[in-house]
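*Asks:* Build me a structure from this.
(one chain, ligands or ions: 2)
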Amino acid sequence: MTHLKVDLCIIGAGSAGLSVAAGAAQMGASVVLIERAEMGGDCLNAGCIPSKALIAAAKHAYQPQHGAAFGVEDTTPQVDFAAVKDHVRRVIDTIAPVDSQERFEGLGCTVIRADARFVSRTEVQAGDTIITARRFVIATGSGPFVPPIPGLDGVMVHTNETIFDLRDKPDHLIIIGGGPIGMEMAQAHRRLGCAVTVIEGAKAMGKDDPELAAIVLDRLRGEGVAIMEDAKAERVSGGEGGAITVHTSKGRVTGTHLLVAVGRAVKVDGMGLDVAGVDHDRKGITVDANLRSVSNKAVYAAGDVAGGLQFTHVAGYHGGQLVRALMFGLPARARTDHIPWATYTDPELAHVGLTEAEARKRHGDKLTVVRSEYAHNDRANTEGRTTGLIKVMVVGGRPVGASIVGHLAGELIGMWAMAIANKLKMTAISNTVLPYPTYMELNKRAAGAYFSPKLFESATVKRVVGLVQRWLP
Ligand SMILES: Cc1cc2nc3c(=O)[nH]c(=O)nc-3n(C[C@H](O)[C@H](O)[C@H](O)COP(=O)(O)OP(=O)(O)OC[C@H]3O[C@@H](n4cnc5c(N)ncnc54)[C@H](O)[C@@H]3O)c2cc1C
Ligand SMILES: NC(=O)c1ccc[n+]([C@@H]2O[C@H](COP(=O)([O-])OP(=O)(O)OC[C@H]3O[C@@H](n4cnc5c(N)ncnc54)[C@H](O)[C@@H]3O)[C@@H](O)[C@H]2O)c1
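*Replies:* Numbering: from 1, shown residues only. Ligands and ions are numbered 1, 2, ... in the order given. You can find the predicted model right below:
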């Protein structure tokens, strides 16, 4: 058995673990980084990157069929599904060196490729190495939750861990779960030529503003994705030639392939957390506002396993907060009110801060909701992207939330994320001069919609202007 004594031991080399490791090692701490599977974790290997690469291929399949409005004849492209998967693989391989063992060893980390588990409150074993550390970061992420639906174990079930490796095009893909994974995968597969049915137990895209989500759902339905809502998957059965039937509270659907996307299960099993005295539950490690275990002060958690929002940018944010806490002894104080998210359907759906419903509940009459429609944006008109809108929730002259549905919503939300993170006023947006014609002007128009009534419908302003005009030379 080898023994190592270090400042910091990080378990998991996904977005969260890598962010902490890179920062801590470059600031001079001795760091052990342990990963039992592929470097880069879910985002690189089975999450964000393959899904966005697949969506990009699907856009290429879709666009040639919709050029007529621009005077370009519609054509039906031939999709080589296996070649699409080659493209997905190439993108992963291109990005992989940034997350690689070699790169992190170059930064000064000791990288161990093994399963890690606590053997005491201050020691972790990985393979034949025992690591004693002043601090530990658990960044073990999450995996697909596969619910105990009767019959599921009797058919071939895909999750995000296998769907990107599928090289034969599904004739009919059934997706259980209408969250971000389900809806992104539904549209991508439909555009690549599959029949797709989504079975959602409650409301599809149910974590987003329902008015904006409805615009995405209309679009997907218009493209031929069948979406069943309030239809809980109750039983699954197999049939001849690999056919799969999902029985729901609203009837049954038969397809050729099944993707389960009903949420995530955090990875904490077999880690010796009880030996280390680290409290945890179904949502992950129980941490305080500083991402520190409430029951073992030497242990911190970051990313999906920290029990909050499950996004790569949150994992990165946790990483930054922990570097600050672990290297300088400053409080981490992870906020959540300024965290944006985006779902990369077409149109995209993005959000930051309070939704309209949450803002109404919290702020009542003090809330103003302003809107800006894509149909009034010149750039959107030139590109035929006029479906969409922005809603901004404003209290006391400052944005407290923004929701966007439309082309590039994931990019546009950045301006509101910056405003909320830095507690900027609406004037910070309205004072900004933007290039014309851009989609970004939608944000400025929303800020304009906030000030317009105050300027153009105010008797006081009219009186002052009248007086000034009388006295101006
Ligand atoms: C299909 C899909 C699409 C997504 N798209 C987006 C998106 O567009 N944008 C976005 O922000 N987020 C997206 N996400 C979410 C994002 O992937 C996760 O939030 C992010 O990967 C979490 O990072 P993490 O470091 O917490 O965990 P992970 O990336 O899961 O990394 C944890 C690592 O720990 C390792 N590990 C676990 N247990 C042990 C152990 N005992 N010993 C050693 N190693 C261990 C695992 O092997 C893994 O490599 C998507 C997720 C999925 C599934
Ligand atoms: N663009 C992005 O940022 C992005 C993309 C994909 C995933 N993610 C992350 O991954 C997480 C997991 O995504 P997800 O879509 O798997 O989970 P989710 O929890 O967001 O959505 C799962 C959906 O499945 C439904 N469901 C659960 N059980 C069901 C049943 N038996 N029958 C029918 N429907 C059922 C739920 O009502 C819910 O709407 C997300 O919350 C997000 O954090 C992010």
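*Asks:* Run through the stretch 101-250 of the chain and note the low-pLDDT ranges.
*Replies:* Judged by pLDDT under 70, the stretch 101-250 of the chain has no weakly predicted residues.
*Asks:* show me where it has strands.
*Replies:* Remark: strands assigned in the stretch 101-250 of the chain by DSSP state E, counting those that start in this stretch are 110-112, 116-120, 123-126, 129-138, 142-144, 172-176, 195-199, 226-228, 233-238, 244-248.
*Asks:* tell me which residues in the fifth one are buried?
*Replies:* Meaning strand 142-144. For strand 142-144, burial by neighbour count (16 or more other Cβ atoms under 10 Å) applies to S142, G143, P144. C-beta here means a position set from N, CA and C on the backbone, and glycine is covered the same way.
*Asks:* from these, which is closest to ligand 1?
*Replies:* S142 (5.9 Å; Cβ to the nearest ligand atom).
*Asks:* circling back to that earlier point, tabulate the buried residues of strand 142-144 (a markdown table), appending distance to R190.
*Replies:* Converted to a markdown table, the buried residues of strand 142-144 look like this (distance: Cβ to Cβ, whole Å):
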| residue | distance to R190 |
| --- | --- |
| S142 | 27 |
| G143 | 26 |
| P144 | 21 |
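*Asks:* among the residues you listed, which are within reach of ligand 1?
*Replies:* Contacts with ligand 1 within the buried residues of strand 142-144, counted by Cβ under 6 Å from any ligand atom: S142.
*Asks:* With respect to ligand 2, which of the strands of the stretch 101-250 of the chain lies nearest?
*Replies:* Closest approach to ligand 2 among the strands of the stretch 101-250 of the chain (Cβ to the nearest ligand atom): strand 233-238, 3.7 Å.
*Asks:* by contact count, what packs against that closest one?
*Replies:* Counting contacts by 3 or more Cβ pairs under 8 Å, 6 or more residues apart in numbering; DSSP states H and E, strand 233-238 packs against strand 244-248.
*Asks:* wait, does the strand it packs on make contact with ligand 2?
*Replies:* No. With Cβ under 6 Å from any ligand atom as the criterion, ligand 2 is not reached by strand 244-248; the gap is at least 7.1 Å.
*Asks:* Averaged pLDDT, the very next helix or strand once past that strand. What do you get?
*Replies:* Following strand 244-248 in sequence order, the next helix or strand is strand 251-255 (DSSP states H and E). What strand 251-255 shows for mean pLDDT is 97.
*Asks:* Need the nearest residue in space to whichever residue of the chain sits closest to ligand 2, chain neighbours excluded.
*Replies:* Closest to ligand 2 within the chain is G179: 2.1 Å, counting by Cβ to the nearest ligand atom. Spatial nearest neighbour of G179, excluding adjacent residues (Cβ to Cβ, 6 or more residues apart in numbering): A261 at 6.3 Å.
*Asks:* neighbours of that neighbour, just the number please.
*Replies:* Per other Cβ atoms under 10 Å, the neighbour tally for A261 reads 24.
*Asks:* tell me the pLDDT at whichever residue of the stretch 251-400 of the chain sits closest to ligand 1?
*Replies:* Relative to ligand 1, the nearest point of the stretch 251-400 of the chain is G303 (2.1 Å; Cβ to the nearest ligand atom). Looking at G303, its pLDDT reads 98.
*Asks:* Next, the contact list for it, please.
*Replies:* By Cβ atoms under 8 Å, 6 or more residues apart in numbering, the contact set of G303 is G12, G14, S15, A16, G17, A139, G141, Q310, V314, A315, H318, G319.
*Asks:* CA atoms only: put the host helix or strand of the last one into CSV for me.
*Replies:* When you say that, I think you mean G319. Using DSSP H and E, G319 sits within helix 312-328. Extracted C-alpha coordinates of helix 312-328, given in CSV (Å, rounded to 0.1, in the frame of the first residue of the first chain):
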residue,chain,number,x,y,z
THR,A,312,-21.9,22.3,-15.7
HIS,A,313,-21.7,26.0,-15.1
VAL,A,314,-22.9,25.4,-11.5
ALA,A,315,-20.2,22.8,-11.1
GLY,A,316,-17.7,25.4,-12.4
TYR,A,317,-19.1,28.0,-10.1
HIS,A,318,-18.8,25.7,-7.1
GLY,A,319,-15.2,25.0,-8.1
GLY,A,320,-14.3,28.7,-8.1
GLN,A,321,-16.0,29.2,-4.7
LEU,A,322,-14.2,26.2,-3.2
VAL,A,323,-10.8,27.3,-4.5
ARG,A,324,-11.4,30.6,-2.7
ALA,A,325,-12.4,28.8,0.5
LEU,A,326,-9.8,26.1,0.5
MET,A,327,-6.8,28.2,-0.7
PHE,A,328,-7.5,31.5,1.2
